[in-house]
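In: Got a predicted structure plus its sequence, pasted below:
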Amino acid sequence: MGHTPGLTLEEQRKSDISVGLKGFIILLIVTFLEVGVALLGNGHLIEGHTWPAALMVPLMIALSLYKAYYIVSIFMHLGAEIGGMAYTVVMPMLLLVWGVIAFLWEGDHARHNRNYVKDARPAAVEEAEAPSTETGMLKDEKLSKQLSFK
């Protein structure tokens with residue numbers, strides 16, 4: 001993966017292959033565990049046997065976070081970096097995840113409150129005209145009334 005001083009080119013190649021193969025096997029096992037938890041927990045493998053969400057969700061999150069950590073640490077070489085360099089990658093990623101969660105939360109809140117606004121002002125809600133089914137554009141007779149090239 002990276003150059004190690006004192007190794008020949010052939011030894012370095014063998015070391016890189018062993019790191020990649022080890023990573024592949026670890027990620028494969030963790031992925032199989034995730035799929036197994038999902039199938040067992042939702043009752044797809046054993047009929048009528050389900051796991052509570054309080055057990056399944058943290059387990060799935062933990063396995064996914066381990067895979068993300070392993071990929072970033074080994075394949076993106078942040079495991080051998082100094083702390084400051086690792087923070088320059090990890091902190092923006094955490095802010096991005098926080099932003100996505102915040103937008104989803106706010107969007108869900110707005111979706112639920114939309115019905116309250118419609119009920120409070122029913123006369124203010126106007127239905128939009130349906131577009132033509134062929135092209136998704138306004139019909140010709142409506143378009144000619146809106147535009148004039150004279």
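Out: Done, it's in.
In: residues of stretch 7-17 that come out buried?
Out: residue 12 (16 or more other C-beta atoms under 10 Å). Every residue, glycine included, has its C-beta placed from N, CA and C.
In: In PDB, list the C-alpha atoms belonging to that stretch.
Out: Output of stretch 7-17 as PDB, limited to C-alpha atoms (Å, rounded to 0.1, in the frame of the first residue of the first chain):
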ATOM      1  CA  LEU A   7      12.100  -3.700   1.400                       C
ATOM      2  CA  THR A   8      12.900  -4.600  -2.200                       C
ATOM      3  CA  LEU A   9      10.300  -4.000  -4.800                       C
ATOM      4  CA  GLU A  10       9.200  -7.700  -4.800                       C
ATOM      5  CA  GLU A  11       8.900  -7.700  -1.000                       C
ATOM      6  CA  GLN A  12       6.900  -4.500  -1.100                       C
ATOM      7  CA  ARG A  13       4.500  -5.900  -3.800                       C
ATOM      8  CA  LYS A  14       3.900  -9.100  -1.700                       C
ATOM      9  CA  SER A  15       3.300  -6.900   1.400                       C
ATOM     10  CA  ASP A  16       0.800  -4.800  -0.500                       C
ATOM     11  CA  ILE A  17      -1.000  -7.800  -1.800                       C
END
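In: Which element, helix or strand, includes residue 107?
Out: Taking DSSP states H and E as the definition, residue 107 sits inside helix 83-120.
In: And for residue 45?
Out: Under DSSP H and E, no helix or strand contains residue 45.
In: Tell me the predicted confidence for the closest residue to it other than its chain neighbours.
Out: Spatial nearest neighbour of residue 45, excluding adjacent residues (C-beta to C-beta, 6 or more residues apart in numbering): residue 39 at 4.9 Å. Turning to residue 39, the model gives it a pLDDT of 93.
In: Follow the chain on from the helix or strand harbouring residue 39 and name the next helix or strand.
Out: Under the criterion of DSSP H and E, residue 39 resides in helix 9-41. Counting by DSSP H and E, the next helix or strand C-terminal to helix 9-41 is helix 53-70.
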